[in-house]
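>>> sequence plus the predicted model coming up.
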Amino acid sequence: MEEARSTAAISNRYARASVIVTSNKPFGRWGETFGDETAAAMIDRLVHHAEVHSLKGESYRMRGRELGHAPTTGND
């Protein structure tokens, strides 16, 4: 169901307006989330006439966090 909504959203915007998509997964791993055929269709529409900017490096948002631990609120 989520796959259908995501594909519909991309298809509705295709060639009509700009779309900005952020992901922490490379295109090659989108099939894990959306299924291979759905991911292929979404990527095809997204990259047609697109500029793809890939950023490498550590996440600023995740800086200082340990994996598997809930963030602290500062009230502890």
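That came through fine.

>>> hey, where'd the helices end up in the protein?
2-13, 31-34, 36-47 (DSSP state H).

>>> winner for burial among those helices?
Ranked by mean neighbour count under mean count of other C-beta atoms under 10 Å, those are led by helix 36-47, which reaches a mean of 16. From N, CA and C alone the C-beta is placed, and that goes for glycine too.

>>> just the mean pLDDT for it, thanks.
Helix 36-47 shows an average pLDDT of 90 in the prediction.

>>> run through who's touching that helix.
The contact list for helix 36-47 (C-beta atoms under 8 Å, 6 or more residues apart in numbering) reads 3, 6-7, 10-11, 14, 19, 21, 27, 30-31, 33-34.

>>> okay, now the unreliable bits of this protein?
The chain contains residues with pLDDT under 70 at 1-3, 66-76.

>>> if we can go back for a sec, can I get the contacts of helix 36-47 in JSON lines including distance to residue 52?
Formatted as JSON lines, the contacts of helix 36-47 follow (distance: C-beta to C-beta, whole Å):
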{"residue": "3", "distance to residue 52": "22"}
{"residue": "6", "distance to residue 52": "18"}
{"residue": "7", "distance to residue 52": "19"}
{"residue": "10", "distance to residue 52": "15"}
{"residue": "11", "distance to residue 52": "19"}
{"residue": "14", "distance to residue 52": "16"}
{"residue": "19", "distance to residue 52": "12"}
{"residue": "21", "distance to residue 52": "10"}
{"residue": "27", "distance to residue 52": "9"}
{"residue": "30", "distance to residue 52": "13"}
{"residue": "31", "distance to residue 52": "18"}
{"residue": "33", "distance to residue 52": "18"}
{"residue": "34", "distance to residue 52": "18"}
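
>>> brilliant, that's me finished.
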